[in-house]
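J.: Sequence plus predicted model, see below.
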Amino acid sequence: MHKRIVWMLVLLSAGLAALPGQQILDVPESPSTSILRHQLAYAESFDEVAQMDYAYLAYLERDRNSDEWSVIILGNRTGGTTYRPSHPVFARKCGEAARSGEPYWVHGFSMSPRPGDARTVEHRLYVDPLGNPTHLELFLVTRDSDGRPKEPVIARAPWPDLP
């Protein structure tokens, strides 16, 4: 049996999904040469109570033919989200956050801490006082073996400066 396969079997039996130093999630292959994709941010943490990894990958997807683009967030255990700057809801949500004095808004799958479960997952889009996106943040809190929250894992990326 190939060594990598053996290691993957060992890691999977231990509740781990990737070799040390490797990401659990990668940017998916593009379906065509006109679609460009590249990674923006990655966050990963092991929840010792549930005995599983949580990983989130944010990437930019741009269509060369139409110049349409999106920021997509994938999760290995949960849903993700898609930010589409050309969609009217995107501008409205950015404006609402700015007008209310909030530094960011949360979109897509999220998990808030509750009694007995400190896990937190948020996909945050930060905005300036005028409602312009400034950066994306993946915010992740998992638990230690006693159920206490671990230090947050935070991955940030500047918001793409595209038309």
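T.: It's in.
J.: Low-confidence stretches in the chain?
T.: 1-21 (pLDDT under 70).
J.: center of it - which residue?
T.: residue 56 (3.7 Å; CA atoms, centre = their mean).
J.: Would you quantify the distance from that one to residue 81?
T.: Applying CB to CB, to the nearest Å, the value for residue 56 to residue 81 is 10 Å. For every residue, glycine as well, the C-beta is placed using N, CA and C.
J.: Give me the common contacts of the two.
T.: By the contact definition CB atoms under 8 Å, 6 or more residues apart in numbering, residue 56 and residue 81 are jointly contacted by 73, 123.
J.: Regarding the residue nearest to the centre of the chain, what is its secondary structure?
T.: strand (DSSP: H, G, I helix; E, B strand; the rest coil).
J.: residues contacting it?
T.: So residue 56 contacts 25, 42-44, 73-76, 80, 121, 123, 138, 140, 155 (CB under 8 Å, 6+ apart).
J.: between those residues, which has the most around it?
T.: Each of the contacts of residue 56 was scored for neighbours by other CB atoms under 10 Å, and residue 123 scores highest at 28 neighbours.
J.: what are the ranges of the strands in the protein?
T.: 35-47, 52-63, 69-75, 81-83, 104-106, 120-127, 133-141, 153-158 (DSSP state E).
J.: helices and strands around the last one, which ones?
T.: For strand 153-158, the elements it packs on are strand 35-47, strand 52-63, strand 133-141, judged by 3 or more CB pairs under 8 Å, 6 or more residues apart in numbering; DSSP states H and E.
J.: try 10 Å
T.: Counting contacts by 3 or more CB pairs under 10 Å, 6 or more residues apart in numbering; DSSP states H and E, strand 153-158 packs against strand 35-47, strand 52-63, strand 120-127, strand 133-141.
J.: do the same with the longest one
T.: Taking 3+ CB pairs under 10 Å, 6+ apart as contact, the helices and strands that strand 35-47 lies on are strand 52-63, strand 69-75, strand 120-127, strand 133-141, strand 153-158.
J.: Quick one: the ones you listed as CSV, columns for distance to residue 100 too.
T.: Shown next, in CSV, are the helices and strands packed on strand 35-47 (distance: least, CB to CB, whole Å):
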stretch, distance to residue 100
strand 52-63, 24
strand 69-75, 22
strand 120-127, 10
strand 133-141, 16
strand 153-158, 22
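J.: Quick check: which of those is nearest to residue 99?
T.: strand 120-127 (10.0 Å; CB to CB).
J.: What residues of the closest one count as buried?
T.: Residues of strand 120-127 classed as buried: 120-127 (neighbour count, 16 or more other CB atoms under 10 Å).
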